[in-house]
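K.L.:
Return atomic coordinates for the entry below.
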Amino acid sequence: MALALALTAACDKRREAPPPTPSAGAQTAPARSQSELDTPLAKIDELVITVGEFEERINRQSPYVRARYTSAEQKEEFLDNLIRFEILAKEAFRRGLDKDAEVVRTMKQVMIQKLINQEFDAKVTPDAITDEELRAYYDGHLTDYARPEEVRASAIILGNRAQADRVAGEAKSDAGKTNKGFRDLVAKYSADEDSKLRGGDLRYFAVDDKALPPPVVQAAFALANVGDVSDVVVGGDGKFYVLKQTGRRKATTRSFEEAKASIRNTLFREQRTAAQKTFIEGLRAKAKIEIDQAVLQKVRVEPPSEGGAGEPALPTDPTAR
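P.N.:
Numbers count the residues shown, from 1 in each chain. You can find the predicted model right below:
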């Protein structure tokens, strides 16, 4: 029954969608009269499927799917699918599945989504956001669109100064400066297992990075060119570093025009969320809601069982799209 509800919702959604635009050169069929559209095409007990409903259902399919239903046999196949859907739904109703708790929850979710769409789709749209609002957001969040200069470095990290001096000498040799040569030195000498697994890569970082010791950050930025290798850097954390610069990115700032589309999406989500919150708060204010906190505290929640997926949890916001 839950499947039937989902299929029904899908059909309703197709009804709400705008009709497909005819391709250039396509011939438009003459409009039908209302009496023609109301002509019964098939009956399932008391339920009638009219010509209009059948045409609407089939014409709401994608052009690729519609192309499969041009012959009389294929139209009959599509009609048979509609009939199968209706007789299954009828049997589900006969068995009282429309009152099943899971079906009721599914129906409520479909109705809530349609309610939210009806309430907000026309009222809160991305196109309604003005350029003034976009500009105000951009000006108030400039740091979000500015990326500082960054460098990327690889490091051989050691715990002994004397050893670090020897390794620095190897790293500065012609063989040690190559990418493979430096990675080999990392694998052979580095005492830091985390960066060692990445060939010594410390990834890109800015001058105000807090994850690395300040002397390491300063030394990496002091290297003039990609491929340069540093002297031994005393990290101040009891470790000694030999660095190789592997990349450098200049500071950049996204212009207002470049950021405009993403800002519009952000403001649209914020405005829609705010409108939904106001709408729901208004409904709550009209409703008489009573909660017994003492009983709530006695509710038992069973621990999860191994291998059991259980029922999907309710979303924090049941109106979220």
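K.L.:
only C-alpha atoms for contact and neighbour calcs from this point on.
P.N.:
OK.
K.L.:
what is the rounded mean pLDDT of the longest helix anywhere in the chain?
P.N.:
When the chain is parsed with DSSP state H, its longest helix is helix 256-286. For helix 256-286, the mean per-residue pLDDT is 94.
K.L.:
And that helix, what's buried?
P.N.:
256, 259, 260, 263, 264, 267, 268, 271, 272, 273, 275, 276 (16 or more other C-alpha atoms under 10 Å).
K.L.:
Nearest to residue 187, out of the residues you listed: which one, please.
P.N.:
residue 259 (42.5 Å; C-alpha to C-alpha).
K.L.:
check contacts around that closest one.
P.N.:
Applying C-alpha atoms under 8 Å, 6 or more residues apart in numbering, we find residue 259 in contact with 138, 145.
K.L.:
follow-up on the earlier one: just checking, next helix/strand downstream of the longest helix of the chain?
P.N.:
Using DSSP states H and E, the next helix or strand after helix 256-286 towards the C-terminus is helix 293-298.
K.L.:
send the alpha carbons of that following helix over as PDB?
P.N.:
Taking C-alpha atoms only, helix 293-298 is exported to PDB below (Å, rounded to 0.1, in the frame of the first residue of the first chain):
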ATOM      1  CA  GLN A 293       6.600  15.200  30.800                       C
ATOM      2  CA  ALA A 294       6.500  12.500  33.500                       C
ATOM      3  CA  VAL A 295       5.200  10.000  31.100                       C
ATOM      4  CA  LEU A 296       7.700  11.100  28.500                       C
ATOM      5  CA  GLN A 297      10.500  10.300  30.900                       C
ATOM      6  CA  LYS A 298       9.200   6.700  31.300                       C
END
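K.L.:
Run through who's touching that helix.
P.N.:
Against helix 293-298 from outside (C-alpha under 8 Å, 6+ apart): no residues.
K.L.:
Quick one: the helices in the stretch 101-250 of the chain, in order.
P.N.:
101-120, 131-140, 161-172, 174-177, 179-189, 193-196, 214-222 (DSSP state H, counting those that start in this stretch).
K.L.:
what's the angle between the second one and helix 256-286?
P.N.:
Same thing as helix 131-140. 100 degrees (axes from the mean of the first three to the mean of the last three C-alpha atoms, to 10 degrees).
K.L.:
Quick check: buried residues in helix 131-140?
P.N.:
In helix 131-140, counting by 16+ other C-alpha under 10 Å, buried: 134, 135, 137, 138.
K.L.:
Surely the second one and residue 256 touch.
P.N.:
If I follow you right, that is residue 135. Yes: contact between residue 135 and residue 256 holds when scored by C-alpha atoms under 8 Å: they sit 7.3 Å apart.
K.L.:
what helix or strand is residue 41 on?
P.N.:
Going by DSSP H and E, residue 41 is part of strand 40-44.
K.L.:
Distance from stretch 93-106 to the middle of the chain?
P.N.:
32 Å (C-alpha atoms, centre = their mean, to the nearest Å).
K.L.:
do the same with stretch 276-295
P.N.:
30 Å.
K.L.:
same check, this time on stretch 32-45
P.N.:
Using C-alpha atoms, centre = their mean, the offset of stretch 32-45 from its chain centre is 43 Å.
K.L.:
List of residues touching that stretch?
P.N.:
So stretch 32-45 is contacted by 48, 49, 50, 51, 52, 53, 54, 83, 86, 87 (C-alpha under 8 Å, 6+ apart).
K.L.:
For it, list the C-alpha coordinates in CSV.
P.N.:
The C-alpha trace of stretch 32-45 is given here as CSV (Å, rounded to 0.1, in the frame of the first residue of the first chain):
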residue,chain,number,x,y,z
ARG,A,32,-10.4,17.7,-27.8
SER,A,33,-13.8,18.7,-26.5
GLN,A,34,-14.6,18.1,-22.9
SER,A,35,-17.1,15.5,-23.8
GLU,A,36,-14.4,13.5,-25.7
LEU,A,37,-12.1,13.8,-22.7
ASP,A,38,-14.9,12.6,-20.3
THR,A,39,-15.6,9.5,-22.5
PRO,A,40,-15.1,6.3,-20.4
LEU,A,41,-12.2,4.2,-21.6
ALA,A,42,-12.2,1.5,-19.0
LYS,A,43,-14.1,0.5,-15.9
ILE,A,44,-12.9,-1.4,-12.8
ASP,A,45,-16.1,-2.0,-10.9
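K.L.:
Can you list the buried residues in that stretch?
P.N.:
Going by neighbour count (16+ other C-alpha under 10 Å), the buried part of stretch 32-45 is 37, 42.
K.L.:
Rounded mean pLDDT for that stretch, please.
P.N.:
Rounded mean pLDDT across stretch 32-45 is 86.
K.L.:
what does stretch 159-177 give?
P.N.:
95.
K.L.:
Quick check: buried residues in that stretch?
P.N.:
Quick answer for stretch 159-177 (16+ other C-alpha under 10 Å): 159, 161, 164, 165, 167, 168, 170, 171, 172, 176, 177.
K.L.:
could you redo those residues as TSV and give each row distance to residue 210?
P.N.:
Converted to TSV, the buried residues of stretch 159-177 look like this (distance: C-alpha to C-alpha, whole Å):
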residue	distance to residue 210
159	21
161	24
164	24
165	26
167	26
168	25
170	29
171	26
172	27
176	29
177	27
